[in-house]
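**Q** Generate coordinates for the sequence data below:
(chains A and B)
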Amino acid sequence: MCGIIGYVGFRNARNIIIEGLKRLEYRGYDSAGIGIIEGNLHIYKNVGEIENLEKSIPQIDGRVGIGHTRWATHGKVSIENAHPHTDCNKKFAIVHNGIIENFKSLKEMLERKGHTFSSETDSEVIVHLIEEKYKGSLEEAVKKAIKELKGSYAIIAISQLEPDKIVGARNESPLVIGVGEKENFIASDIPAFLKYTNRIKYLNDGEICVIKNDGIKIMDLNGKEIEREENLIKWQAEQAEKAGYPHFMLKEIYEQPHSIMETMRGRISEIEPWINLEIDFDGMDEVALVACGTSYYAAMAGKYMIEELAGVPVDIELSSEYRYFGKKRRTVLAITQSGETADTIGALKEAKMYGCKTIVVTNVIGSSATRFADHVLLTRAGPEIGVAATKTFTAQLLTLMLFSLYLGMKNGKLHANEIKNYVAELKRLPSIVEEVLERENEIKEIAKIIHDKNTVFFIGRGINYPIALEGALKLKEISYIHAEGFAAGELKHGPFALLSEETPVIALASKDRVYEKVMGNIGEIKARNSPVIAIAEEGDEDITNFADHVIYYPKLSFPLFSIPIAVILQLLAYHTASLRNCPIDKPRNLAKSVTVE
Amino acid sequence: MEAIVLAAGEGRRLRPFTHYMPKVMIPVGNKPILEYVIDALKENGIRRIIIVAGYRKESIMGHFGDGIKWDVEIVYAFQEKQIGTGHAFLQAKKFVTDDEMVVLSGDNIIDAKGLAALIENDAPSLLICESKIPSKYGVVELENGSVTSLKEKPTFAESNLISTGIYKFKKDIFDIVENFVENGKNRITDALQVFIKEKKLKGIKLQGTWRDIVYPWDILDVNAEVLYELPLSVAGTIEKNVTIRGNVVIGEDTIIHSGSYIEGPVIIGKGCEIGPNTCIFPSTSIGNNVTIHPFSCIRNSVVMDNSTIGSYSLLSNSVVGKGCEIASRFSAIEGETKVEVENEIHEIKAGSFIGNDCKIGANVIVEAGKIIGGKCTISSNKVVNRDVPDGSMVI
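**A** Take a look at the predicted model:
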């Protein structure tokens, strides 16, 4: 998975593209490159972060260019394998995101015709195909080339033979057009150009576009022109900046009081009371939740919520498994932050084929998943740049809470007074998360305890079990400490063997009906001399008899308490990683959204 | 020309509202005070703004970012310890690119035209205005348009002219201030004495408004001031039989239930629920995600984000911080009273001032001018007749 951007206009293309690539670094960052037309085609590439690339490029003045930040799928990390790729005569350059499945046969065919390849990538076949098909029109050549491609792609092409235009094409990989005045943009994601314009046009699969500084033309593969409406993006460009925080992750953790308010806004009423998600209620007597990664943990939490609040049986499945083995429940709810997760989209397509009612919970309007699902529940967390999911995870939890309450209200499991009490508590959530954030210094102290350990365990029961899994994932992905989450009752069935004085255990001990059980588990752990850090409800004095350290969160009922607990675990992971000097926003080997299967 | 905005201070006299945000981020008319300063600068064509932040700087940066939303360029300088305006000002030096600059503090409201007169004049100059209580400020004496004396908070004021703390300078000012700061004199006004001696500092009289916020009750004055020019703009859901008069702004996803009466100037944020049968009178600002239950009455008050006010409550001339939960039949009694803040006694006419995240039970009465700190819990049926420190329980 990679990030791509193209620019045509009146500004210095080099600077715009470098800036855009920095915003796209979250999509992958093992190498990067840009191509600029200034008379001839100039290509610059480098390995490592965008900053390495920036330092190695001279101040060049072209007004048309493309850029790419790569996350290796085919071929090792090297300057040769970095994009843009050029044809044999260096007249054309392309950047590509996706996977060309038939590149081997295409490469053999092109080599037989005399093309020489300089990289190991699948992407390079595209530019040689364009060279092969070129008869005086770049868009015609791109159109003919992509007809031969199998797989997923977002492509941007330029040529010094037609220096005033860029041509884009997409199939199953994201690509959006940014509409400006006397300038236009195209990129894998909106933050790449959001500083310059918030007017966008989406490109659909199987469409190609020609972009000049004074116009945008979108066509289908037969060359028929398509009218596409413009969308206004309400994100502010500033939201894509760090706003003075040392890392995007911390900034995004601190945005949660606001994002939580946005997730709920217009969907709840305390006075009347109601919850409204504008989804029709048919077929909601059984639900399958499908997701990957952090979203899967949200799904696991969702099972506890839906079963408890709405009394509806729930299956949870990993998208990659569901697609091939899952049972097709009448309602299938998929969770994907980016809306581009290939496995989850595959599962959605599968469910749709079986006639299931499909709902997608996602953060990105207009993403591929929103176009496949029958209903869309936007989490409204705003763009998330840090690779570690933070505000989008709490927004997913909250969206699932609203969904469960909505279901419970619709099917009569919850009566009006219960809804009123839940809504009153929901409305307090932004303040409660703010209170938790004010305890950052306490959490920093706990981070000092765990930052030099090799292994940390997280335990919880009920909804706190998936929250413990997510806490462990957060810690391992950014601090590189080996961390594992367990259902508290499972510890004694094996993992006990790993406990020692050097393995701190983070115990999530909410005052719910399994509180006593969790206390028992903490006692068992203490008997093995492992340090216990409990996360507990304010006012819980008993816990100090069991745990070595306690971080408190304000009193809340099930399932709302999962949100402040998740926030505490985010801060804990952040400060632990910070003490270990880890590259928090860009952990090694990880990319933000995974668009390969 | 550039602007340097001093926004590092905490504003101790504005506690409890400055516990979790710097003074410049206190909302009036549902916008932080600093935003009005930025608007006024932009209106005068100043597009590069250097903000000197310090106390709780994240909240400023989180809100304004790089300024693109306001079509200005914002850069941040930092003052780690708040030891004086001169020291704060020096932190901006390395970001200054133009020869001339406007320097102002982020915690006051100034109208754009007033600023224009200063900008047109030659540097160095100082914007001054008349005051009824000059000894609270830096008192200025003028002779032929030049400042001859500037004394900070004198016991006896020799004139009714005061400094607004808004200046126009040339770059050479940095060397002078640097000299003074090195000698332990950390205020800009210390350095200005050099110009005053040589009669070089011009005093420009302000036409139009200038207000600063020093004490909690100033929030109400400044709020009323900024609401004066409110447009009419109603979003959200307005049920039948709601009366809306005057200039009222209602945000998206807000519901005003039947029988409510809203008389502008009033601003209500996004995602609020008001009513049924609730009255909101001038000049009131209600933040985002606020719930005001049936039969309540709010007048000349500020209610910040995420707060709830129960049924049959009365709030008059009062400020309620973020995230408060107030149960039914709450009364903030309004009246004339004496208030002590940081060992100074003030005679004011006001209701009550309630810090962030307070939980107040039913039937609570707060007497005039009382200040309830942040995170207090007050149980039902209590009469609060003195100030309540942060984090207290009244039971």
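**Q** going forward, measure contacts and count neighbours with C-alpha atoms only.
**A** Fine.
**Q** Residues contacting stretch B:177-190, please?
**A** Stretch B:177-190 has contacts (Cα atoms under 8 Å, 6 or more residues apart in numbering or on different chains) with B:83-87, B:89-90, B:150, B:191.
**Q** ranking those by neighbours, who comes first?
**A** Using other Cα atoms under 10 Å in any protein chain shown as the neighbour test, the contacts of stretch B:177-190 are led by B:Phe89, with 26 neighbours.
**Q** so A:Val176 bridges to which residues?
**A** Beta bridges link A:Val176 to A:Ala187, A:Tyr202 when assigned by DSSP bridges.
**Q** Checking the closest residue to chain B within the stretch 1-150 of chain A next. Helix, strand or coil?
**A** In the stretch 1-150 of chain A, the residue found nearest to chain B is A:Glu19; the distance is 14.2 Å by Cα to the nearest Cα. Judged by DSSP: H, G, I helix; E, B strand; the rest coil, the three-state class of A:Glu19 is helix.
**Q** wait, doesn't it sit right on A:Ala192?
**A** Yes. Applying Cα atoms under 8 Å, one finds A:Glu19 in contact with A:Ala192, separated by 7.4 Å.
**Q** Please identify which of these two sits among more neighbours.
**A** Set side by side, A:Glu19 and A:Ala192 show more neighbours around A:Ala192, with 28 against 16, by other Cα under 10 Å.
**Q** of all the residues in the stretch 201-350 of chain B, which ones are close to chain A?
**A** Taking Cα under 8 Å from any Cα of the partner chain as the contact definition, the stretch 201-350 of chain B meets chain A at B:252-254, B:270-271, B:273, B:289, B:291, B:293, B:306-307, B:322-323.
**Q** what would those look like in a markdown table with neighbour count and secondary structure?
**A** Below are these laid out as a markdown table (neighbours: other Cα atoms under 10 Å in any protein chain shown; DSSP: H, G, I helix; E, B strand; the rest coil):
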| residue | neighbour count | secondary structure |
| --- | --- | --- |
| B:Glu252 | 17 | coil |
| B:Asp253 | 20 | coil |
| B:Thr254 | 26 | coil |
| B:Lys270 | 23 | coil |
| B:Gly271 | 27 | coil |
| B:Glu273 | 28 | strand |
| B:Asn289 | 27 | coil |
| B:Thr291 | 27 | strand |
| B:His293 | 24 | coil |
| B:Asn306 | 27 | coil |
| B:Ser307 | 28 | coil |
| B:Lys322 | 25 | coil |
| B:Gly323 | 28 | coil |
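**Q** okay, the residues you listed in JSON lines with pLDDT next?
**A** Listed next are these as JSON lines, based on pLDDT from 0 to 100:
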{"residue": "B:Glu252", "pLDDT": "90"}
{"residue": "B:Asp253", "pLDDT": "92"}
{"residue": "B:Thr254", "pLDDT": "95"}
{"residue": "B:Lys270", "pLDDT": "94"}
{"residue": "B:Gly271", "pLDDT": "93"}
{"residue": "B:Glu273", "pLDDT": "95"}
{"residue": "B:Asn289", "pLDDT": "93"}
{"residue": "B:Thr291", "pLDDT": "95"}
{"residue": "B:His293", "pLDDT": "96"}
{"residue": "B:Asn306", "pLDDT": "93"}
{"residue": "B:Ser307", "pLDDT": "95"}
{"residue": "B:Lys322", "pLDDT": "92"}
{"residue": "B:Gly323", "pLDDT": "92"}
